[in-house]
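Participant: Test case, fold it:
(chains A and B)
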Amino acid sequence: MTKDNSTKIVFFGTPKFAVPTLQALVTEGYHVVLVITQPDEPVGRKQVLTPTPIKVEALKLNVPVKENLWEIKNYNADLGVVVAYGKIIPQAILDLFPLGLLNIHPSLLPKYRGPSPIQSAILNGDDETGVSIIKLDEQMDHGPIISQIQVPISKDESSPTLFDKLSVLGAELMIKALPDYVAGKAKLEPQDDSKATYCEMINKEDGLIDWTNSADQIERQIRAYAPWPGSFSEFDVNHKKINIKIISAIICDPVETRNCASLPHDNQSPVGKFVIKNNQLVVQCGHGALLIEKLQPEGKKEMPAQAFINGYLK
RNA sequence: CGCGGGGUAGAGCAGUUGGCAGCUCGGCAGGCCCAUAACCUGCAGGUCGCGGGUUCGAGUCCCGCCCCCGCAA
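Facilitator: Numbers count the residues shown, from 1 in each chain, chains lettered A, B, ... in the order given. The predicted structure is shown next:
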């Protein structure tokens, strides 16, 4: 492997997704002179001030960590590597890097520019997604593509597993792409802007299930929005309304196998209500129905549907 | 001190004004049946989160602690 240890790299990243890339860079012997990450934030129920995963990793690797972008001036860096940093980096900062900045984006750009590409790919039922490495330019997720790799999306893929996969693949792809790029031999393929699509920041309300949608669509939503914001709905249980998060479900379609093949999917049950059929928990949707596997009532831990039936619906 | 719900059998829940700790499912044994995830009979399984206190008596009331979860990113 051709490495140029004289290239000084500044790494920008914040969440867990960025960690494998930082690790790989250091392990492969690249000279990471500085890590820029977001400030510690209060986290969790107890609002404990917590450093970002990247900060924790950087300290472990003995790389200096700063939150102030202007610190970069003191490091004479050549190249920037940006992985889920979480903020727009101002042009004046970009100009400090002679070799520019590379960015890992977890989609097949120009598809799914924006902040939620992984969730969007699952939500839309895509067969595949991927990871792209681009050179940052002045527009969001717009720069020329240096490298790209496809990844199939299985029928039961959920956001957490896909995050993990793409996180690791992104790191590998970066390590493969860097030598040529640093040597000035990389091909820069401009994106076809006419094919660009965009995804939005996800909000809590996006997790609210609209049971008039098709079972198909709701099932994809459940996988896409795990673990946050989750997919939830209000149900009538023993004359009380409780908010319940659906953790996983199977589409009740006679074509599908599994044990729901014999279930009556009569399209007559009330939409969005629990129905017990053959001792299984089913919710009728606008089209088709969902067999609930795991769920979580508010204030409770997640539990199998069977346990929910035994404890709540008897 | 951000707001709130909770910890009772392997799982999920009940437990009234303090008075023999219960229900559904699961497990085990037996029965019925062509057969079964159905049905019948029986059995096992509990330091009621931890530590104090009040009381003749605490799952239940009081104080302290630990843990889990929903909202709040």
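Participant: In contact with A:Gly44, which residues are there?
Facilitator: A:Gly44 sits next to A:Thr50 when contact means CB atoms under 8 Å, 6 or more residues apart in numbering. (C-beta placed from N, C-alpha, C; glycine too.)
Participant: residue of the stretch 201-314 of chain A with the smallest distance to RNA strand B?
Facilitator: A:Gly311 (1.7 Å; CB to the nearest atom of the strand).
Participant: number of nearby residues for that residue?
Facilitator: By other CB atoms under 10 Å, 11 other residues sit near A:Gly311.
Participant: Dihedrals phi and psi, it?
Facilitator: Geometry field for A:Gly311 lists phi and psi as phi -90, psi -30, criterion degrees, to the nearest 10.
Participant: Disregarding flanking residues, what is the spatial nearest neighbour of it?
Facilitator: A:Met303 (8.0 Å; CB to CB, 6 or more residues apart in numbering).
Participant: Got the confidence number for that neighbour?
Facilitator: At A:Met303, the pLDDT value in this model is 93.
Participant: That one against A:Leu295, yeah?
Facilitator: Yes - contact criterion CB atoms under 8 Å: A:Met303 and A:Leu295 qualify, at 6.8 Å.
Participant: Among these two, which residue is more densely surrounded?
Facilitator: Higher neighbour count among A:Met303 and A:Leu295: A:Leu295, with 24 against 17, using other CB under 10 Å.
Participant: can you pull up the bridge partners for A:Leu102?
Facilitator: With DSSP bridges applied, A:Leu102 shows beta-bridge pairing to A:Val81, A:Lys135.
Participant: Run a quick neighbour tally on it.
Facilitator: A:Leu102 has 25 nearby residues by other CB under 10 Å.
Participant: Return the distance of it relative to RNA strand B.
Facilitator: 26 Å (CB to the nearest atom of the strand, to the nearest Å).
Participant: got it, and A:Glu200?
Facilitator: Taking CB to the nearest atom of the strand, one finds A:Glu200 at 12 Å from RNA strand B.
Participant: Tell me the secondary structure at that residue.
Facilitator: coil (DSSP: H, G, I helix; E, B strand; the rest coil).
Participant: Would you state the predicted confidence (pLDDT) at the spatially closest residue to A:Asp193 that is not a sequence neighbour?
Facilitator: Spatially, and ignoring its direct neighbours in sequence, A:Asp193 is nearest to A:Pro110 (6.6 Å; CB to CB, 6+ apart). At A:Pro110, the model reports a pLDDT of 96.
Participant: how about the nearest residue to A:Asn103, chain neighbours excluded?
Facilitator: Distances taken as CB to CB, 6+ apart put A:Val82 closest to A:Asn103, at 4.5 Å, once the chain neighbours are dropped.
Participant: thinking the one you found is in contact with A:Leu136, fair?
Facilitator: Yes - in this structure, A:Val82 is within contact of A:Leu136 by CB under 8 Å, at 6.4 Å.
Participant: residues shared between the contacts of the two?
Facilitator: A:89, A:101-103.
Participant: Mark out where each domain of chain A begins and ends.
Facilitator: Using automatic domain parsing, the domain ranges for chain A come out as A:8-195, A:204-312.
Participant: For these, which has the smallest mean pLDDT value?
Facilitator: Taking the mean pLDDT of the domains of chain A, domain A:204-312 comes last: a mean of 83.
Participant: for it, how far is the first residue from the last?
Facilitator: In domain A:204-312, first residue to last residue: 26 Å (CA to CA, to the nearest Å).
Participant: Enumerate the residues of the stretch 1-150 of chain A near RNA strand B.
Facilitator: By the rule CB under 7 Å from any atom of the strand, the part of the stretch 1-150 of chain A lying against RNA strand B is A:41, A:43-47.
Participant: Contact residues of the stretch 201-314 of chain A facing RNA strand B?
Facilitator: A:202, A:204, A:228-230, A:232, A:243, A:245, A:259, A:279, A:296-301, A:303-304, A:306-308, A:310-312, A:314.
Participant: and with 6 Å instead?
Facilitator: Residues of the stretch 201-314 of chain A lying near RNA strand B by CB under 6 Å from any atom of the strand: A:202, A:204, A:228-229, A:243, A:279, A:298-301, A:303, A:306-308, A:310-312, A:314.
Participant: ok, the nearest residue to A:Ser231 once chain neighbours are set aside - contacts?
Facilitator: Using CB to CB, 6+ apart and skipping the chain neighbours, the partner closest in space to A:Ser231 is A:Ile222 (4.5 Å). Contact analysis of A:Ile222 by CB under 8 Å, 6+ apart lists A:158, A:231, A:246-249.
Participant: right, and A:Ser248 touches A:Leu291 too?
Facilitator: No - the criterion here is CB under 8 Å, and A:Ser248 misses it with A:Leu291 at 9.9 Å.
Participant: Of these two, which one has the most company?
Facilitator: A:Leu291 (25 against 20).
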